[in-house]
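Peer 1: Predicted coordinates and the sequence they were generated for:
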Amino acid sequence: MNLFDLHCDTLYKAVTNNLPLDDKSMQVSQILGEDNKRLQCYAIWIPDDYTPEKAEQTFFSAYQRLSSECKRLNIKLIEQNESISDAFKNNKNSALFTIENSTALNGKIGNVKKFAKLGVRIITLTWNASNAVGDGADVSDSKGITDFGKSVVREMEKYGVVVDVSHASDKLFYDVAEIATRPFAATHSNSRFVTNHRRNLTDEQFKIIKERNGIVGINFHRDFLSDNPDSASIYDLLKHIDKFLSLGGENVICIGTDFDGCNLPYDITGSESLAEIYEMLLRQNYKESLIRKIFYENALNFFENFDNRRIM
């Protein structure tokens with residue numbers, strides 16, 4: 001069982017609690033099985049109450065921590081000029097550095113290029129509140145994207161950094177869809193039709209991402225999986241996958257666990273549950289070719305196509 005996980009918050013936990021990436025308290029484990037390959041996107045989450053200056057400092061601290069931990073653990077940290085597909089093929093464990101909340105830019109448009117040179121391949125534009133780019137999902141009277149945000153999207157596309165609309169307000173989502181010229185992603189978002197939560201995607205939003213050749217990662221946070229989160233289970237993943245499949249999402253659906261940054265269903269504990277999820281999908285008569293797409297092939301194909309237009 002190979003895996004490409006589009007989102008976890010393990011790096012933030014490691015930085016803020018001064019823990020190694022393989023600490024036993026982490027939901028992300030480096031062990032998936034002897035013959036398996038894993039590519040993990042490690043996001044540095046920036047809480048909404050951070051000042052832009054603290055956010056930028058946290059980004060650089062996270063980069064140093066991820067670099068040193070990847071060396072220690074023999075994880076291939078993928079650099080700006082390297083092929084993600086090749087890294088996945090040639091290494092048992094690989095890592096991508098990503099950002100959750102563009103407040104990390106500290107209002108400096110030049111930081112997009114600087115961060116890209118450090119290997120950042122995804123930036124989630126907002127968390128739940130507003131920042132210099134636009135409004136997050138908790139903003140009820142969202143004004144959408146700012147002029148600075150428009151510049152950020154243009155720079156991200158120029159330097160090969162994927163725009164991530166998870167956590168975006170609906171207004172910000174549609175503004176991004178209007179101005180984006182390249183595929184974009186929702187790295188850890190589920191179906192709002194299945195679970196009526198503002199953090200989830202409407203059918204229309206999912207279709208827009210699909211039409212733009214983007215990807216969507218299934219989030220394991222119980223509040224996004226079920227309208228009754230206390231009873232959310234592994235089987236609620238199926239409901240969101242099935243809904244997205246009904247919208248033509250066979251080549252769109254990915255995994256975006258949100259490990260170490262979410263409250264999991266009672267029967268999912270972390271990386272050790274992924275093999276059980278894979279087997280569950282097989283028992284539910286999903287074709288193994290489709291399961292492979294969801295677990296890693298769709299994400300790999302997305303980045304292979306996206307990187308063809310990347311500026312080094």
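Peer 2: Structure's in. What do you need? Computed from a prediction, not measured in an experiment: that's the story for all the values here.
Peer 1: residue ranges of the helices in the stretch 1-150 of the chain, please?
Peer 2: Taking DSSP state H, counting those that start in this stretch, the helices of the stretch 1-150 of the chain run over residues 10-17, 52-73, 84-90, 110-117, 147-158.
Peer 1: Oops, could you answer that again for the stretch 151-300 of the chain instead?
Peer 2: Counting by DSSP H, counting those that start in this stretch, the helices of the stretch 151-300 of the chain are 170-179, 203-211, 222-225, 234-246, 274-283, 288-292, 298-306.
Peer 1: quick one, which of the helices of the stretch 1-150 of the chain is packed in tightest?
Peer 2: helix 10-17 (a mean of 20; mean count of other C-beta atoms under 10 Å). Where you see a C-beta, it was placed from the backbone N, CA and C, and this is true even at glycine.
Peer 1: so where's the protein shaky on pLDDT?
Peer 2: Along the chain, the model assigns pLDDT under 70 to residues 30-34, 308-312.
Peer 1: swap the cut-off to 50 and go again
Peer 2: Of all residues in the chain, those with pLDDT under 50 make up the ranges 312.
Peer 1: Would you format the helices of the stretch 1-150 of the chain as CSV with distance to Ser189 included?
Peer 2: Conversion of these to CSV gives the following (distance: least, C-beta to C-beta, whole Å):
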stretch, distance to Ser189
helix 10-17, 19
helix 52-73, 22
helix 84-90, 21
helix 110-117, 22
helix 147-158, 18
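Peer 1: closest one to Glu100 among the ones you listed?
Peer 2: helix 10-17 (8.0 Å; C-beta to C-beta).
Peer 1: by contact count, what packs against that closest one?
Peer 2: Packing contacts for helix 10-17, counted by 3 or more C-beta pairs under 8 Å, 6 or more residues apart in numbering; DSSP states H and E, involve strand 38-45, helix 52-73.
Peer 1: tell me the angle of the first one relative to helix 10-17?
Peer 2: It stands for strand 38-45. Interaxial angle, strand 38-45 versus helix 10-17 (axes from the mean of the first three to the mean of the last three C-alpha atoms, to 10 degrees): 50 degrees.
Peer 1: Please find the angle between the direction vectors of strand 38-45 and helix 298-306.
Peer 2: 80 degrees.
Peer 1: What pairs with strand 38-45, parallel or antiparallel?
Peer 2: Applying DSSP bridges to the sheet, strand 38-45 is found paired with strand 3-5 (parallel), strand 93-100 (parallel).
Peer 1: about what we covered before: would you turn the helices of the stretch 151-300 of the chain into CSV with distance to Thr10 and mean neighbour count?
Peer 2: Output for those, formatted as CSV (distance: least, C-beta to C-beta, whole Å; neighbours: other C-beta atoms under 10 Å):
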stretch, distance to Thr10, mean neighbour count
helix 170-179, 26, 19
helix 203-211, 25, 18
helix 222-225, 18, 23
helix 234-246, 20, 19
helix 274-283, 14, 16
helix 288-292, 24, 14
helix 298-306, 18, 20
